[in-house]
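**Q** After the sequence you'll find the predicted model.
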Amino acid sequence: MADVHPIRAVRPLDALAGEVIAPPYDTLTDAEARHLALNPRSFVHITRPEVDLPVGTDSHSDEAYEAGAASLRRFLEQGLLVEDAIPGYYVYRLRMGDHMQTGFIAGCSVDEYKRGRIKKHEFTRLDKEEDRTRHLLTLEAQVGLVFIAYRKNAQLKAIADDISSLTPRWRITTTDGVEHTLWRAADVDTPHIREAFRKAGALYIADGHHRSAAGARAGDELGTEDAQTFLAGLFPDDELYIMSYNRIVHDLNGHDQDAFMAKVAESFHIEDADGPRPPVRGTFTMYIDGKWHLLEPHEDKVDIKDPVKSIDASILQDLLLAPILGIDNPRTSKRIDFVGGIRGPGALVEGVQNGTGLVAFHLYPTSMEQLLRVADAGEVMPPKSTWFEPKLREGVVSRLLRPDGFDDNAPVE
């Protein structure tokens, strides 16, 4: 059972959505965020408020959080953002080339999150939790979607298909070539959507563990009814697309290349690769000294029954990165860089050829079934093992938190 609530949305004025919505705050460098902020209508003024302060300003300062709140007020006062009169659900579709995913925007229960009914697969860092909590409380608003997955469900698909067959609020294509489309569900659909989610089984956090943790902390601090849900985009697992999350290592941990290759050969069969991408799950390609090599671990080295140890990122970490290259904690090591699959294998070659690293590894993408298996077991995924594309944009739908609640009987916007 999943209790998924309608929300009173704050959304861009339909005609301005293309100018307002922005990439996720944590995917942007400072320079990229400041470039987007040249557009006074970009949502980065709310999610990356340091862009309106001098270069070098601490993004975790009181001044930065207050700047975000001021930008949110400005967007509302100028009519860039409008607020629905009553709660409802939205359908949100992303199309990237041949890939398409269609889901719902709604509120997820803080209580179910605390009780483990909304399943997690990674640890959170206290500093990032604190950042998202302070941002949320200062703005008195939820401005980013937690990316939630649910197992494919025929009833929810039928509802989403019916709604998405109608004229959308807006449809735009962002500069990365991804098409984003938003529909508001009719009031008549609200009870059907909520009931369908109640029958749909568990929910799984795909991305946004820190945001969901911040939502729970804010719910405790505010204690209001409206703060007992956090804003989420919910999508069926069979429509999600995970790309590889690759690695570049800066040095060979004191080994020369021959000694390093000999060490690798103790756990992997090595041969020349036909291309830069591993052909099947459980194999890897390695770029070193201007050449791609295919690595296939020896069968006795992999525990295929363990939901965590059988994931490719764990195999590489356990058999090579830790014992040979001395990277015991990839979360904190400064000797390794992680490269999202959207950048392609060329980014790995470039990283080695320009002197940033000495060796690069291309992994096969983790599957959604592997992620769900880990979450169902109450375990934690290895670091940097999933790179979801396309990314949910920020500003598509937000939500204000008010201590006095809302008038649910007001007319529809």
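**A** Done, it's in.

**Q** what are the phi and psi angles of the residue lying closest to Asp272 once chain neighbours are set aside?
**A** Nearest residue to Asp272, sequence neighbours excluded (C-beta to C-beta, 6 or more residues apart in numbering): His293, at 6.6 Å. The C-beta positions use only the backbone N, C-alpha and C, and glycine is treated the same way. Backbone torsions for His293, taken as degrees, to the nearest 10, come to phi -120, psi 140.

**Q** Now do His293 against Thr285, distance only.
**A** Distance of His293 to Thr285, given as C-beta to C-beta, to the nearest Å: 7 Å.

**Q** Next, show the common contact partners of those two.
**A** Contact with both His293 and Thr285 is made by residues Ala273, according to C-beta atoms under 8 Å, 6 or more residues apart in numbering.

**Q** Looking at those two, which one has more neighbours?
**A** Between His293 and Thr285, counting by other C-beta atoms under 10 Å, Thr285 is the more crowded of the two (23 against 18).

**Q** give the contact list for the residue nearest to the more buried one when sequence neighbours are not counted.
**A** Nearest residue to Thr285, sequence neighbours excluded (C-beta to C-beta, 6+ apart): His362, at 4.4 Å. His362 is in contact with Ser244, Asn246, Pro276, Arg277, Pro278, Phe284, Thr285, Met286, Tyr287, Pro345, Leu348, counting by C-beta under 8 Å, 6+ apart.

**Q** Those residues in strands, which ones?
**A** If you go by DSSP state E, these have Asn246, Phe284, Thr285, Met286, Tyr287 in strands.

**Q** What about the second one, how many residues nearby?
**A** The burial metric for Phe284, expressed as a neighbour count using other C-beta under 10 Å, is 24.

**Q** Trp292 is in contact with that one, correct?
**A** No - here Phe284 does not reach Trp292: they are 10.4 Å apart, not a contact under C-beta atoms under 8 Å.

**Q** Break this protein into its domains for me.
**A** What the record gives for the chain is the domain set 4-241+389-400, 244-367, from automatic domain parsing.

**Q** Let me see the mean pLDDT of the shortest one.
**A** I take that to be domain 244-367. Domain 244-367 carries an average pLDDT of 96.

**Q** how long is it from one end to the other?
**A** Start to finish, the residues bounding domain 244-367 are 10 Å apart (C-alpha to C-alpha, to the nearest Å).

**Q** what residue is smack in the middle of this protein?
**A** By C-alpha atoms, centre = their mean, the mean C-alpha position of the chain lies nearest to Asp207, the distance being 3.5 Å.

**Q** How about that residue: what's its closest non-neighbour residue?
**A** Leaving aside its chain neighbours, Asp207 sits nearest to Phe147 (4.0 Å; criterion: C-beta to C-beta, 6+ apart).

**Q** give me the number of residues near that neighbour?
**A** Residues within reach of Phe147, counting by other C-beta under 10 Å, total 23.

**Q** For it, name its beta-bridge partners.
**A** Asp207, Gly233 (DSSP bridges).

**Q** ok, now which ones touch it?
**A** Phe147 makes contacts with Ile205, Ala206, Asp207, Gly208, Ala232, Gly233, Phe235, Phe388, Leu392, as judged by C-beta under 8 Å, 6+ apart.

**Q** Settle this for me: the second one is touching Thr366, isn't it.
**A** No - counting by C-beta under 8 Å, Ala206 does not reach Thr366; the two are 11.1 Å apart.

**Q** Of these two, give the one with the bigger neighbour count.
**A** The residue with more neighbours, out of Ala206 and Thr366, is Ala206; 25 against 22, by other C-beta under 10 Å.

**Q** could you measure that one against Lys391, distance?
**A** Ala206 sits at a distance of 11 Å from Lys391 (criterion: C-beta to C-beta).

**Q** Ok, which of the domains of the chain comes nearest Ala375?
**A** domain 4-241+389-400 (4.0 Å; C-beta to C-beta).

**Q** now the spatially closest residue to Ile248 that is not a sequence neighbour: how far from Arg277?
**A** Leaving aside its sequence neighbours, Ile248 sits nearest to Gly357 (C-beta to C-beta, 6+ apart; 3.8 Å). Going from Gly357 to Arg277 by C-beta to C-beta gives 18 Å.

**Q** So these two - more neighbours on which side?
**A** Just comparing Gly357 and Arg277: by other C-beta under 10 Å the higher neighbour count belongs to Gly357, 23 against 17.

**Q** Helix, strand or coil: sort out that one for me.
**A** Here Gly357 is coil, with the state taken from DSSP: H, G, I helix; E, B strand; the rest coil.

**Q** just to revisit the earlier point, wait, isn't the residue nearest to the centre of the chain in contact with Pro390?
**A** No - the criterion here is C-beta under 8 Å, and Asp207 misses it with Pro390 at 11.8 Å.
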